[in-house]
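Peer 1: Have a look at this fold, sequence not included:
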C-alpha cells in the first residue's frame, strides 16, 4: 500500500494596519492663513498644509505635504461623494486625506 502526504500549506496571518491618528498642529492666524495637520500611522508622521478653496458643492481644500508643498492634493468633502485626486483615492475610492479631514470636520476641530 502506498501512502502520499499532502504538502503543508502555511496560512499567513493577515497584516494588521497600524492605528491612524490625526490632529491640528497649527491653527490659522493673521501670520499663517492655513491649517497644518498631523497624520500619524504607526511610527510614521506626516505634516500637511491645508487651505480652503472655493467649491460649487461640498467643502474643498488643497493639501500639500510639508516641507516640500509640491503637487498638492485637492480634497472635496461631500459625505459619501467625497473625492481626492491622490493615488490612493483614485485606485481604491478612499484615502487618508478624505478620512482625516472628515474626522476633523465632524469633531469640530477644523
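Peer 2: Noted; the coordinates are in hand. Keep in mind it's a predicted model, so treat the numbers as computed, not measured.

Peer 1: Can you give me the buried ones in the longest strand along the chain?
Peer 2: Counting residues, the longest strand found in the chain (DSSP state E) is strand 44-53. Neighbour counts over strand 44-53 (16 or more other C-beta atoms under 10 Å) mark 48, 49, 50 as buried. To be clear about C-beta, it is placed using only N, CA and C from the backbone, and glycine gets the same treatment.

Peer 1: In its sheet, which strands sit next to that strand, and in what direction?
Peer 2: Strand 44-53 has the following sheet partners, assigned by DSSP bridges: strand 35-41 (antiparallel), strand 59-65 (antiparallel).

Peer 1: what does it rub up against?
Peer 2: With contact meaning C-beta atoms under 8 Å, 6 or more residues apart in numbering, strand 44-53 is reached by 25, 33-40, 59-67, 69, 74, 97, 101, 110.

Peer 1: and with 10 Å instead?
Peer 2: Strand 44-53 has contacts (C-beta atoms under 10 Å, 6 or more residues apart in numbering) with 18, 20-22, 24-26, 28, 32-40, 59-67, 69, 72-76, 96-97, 100-101, 104, 110.

Peer 1: Narrow these to those that are buried.
Peer 2: Buried among the contacts of strand 44-53 (16+ other C-beta under 10 Å): 22, 34-35, 37-39, 59-64, 72-73, 75-76, 96-97, 100-101, 104, 110.

Peer 1: how about the helices in the protein?
Peer 2: 87-92, 96-106 (DSSP state H).
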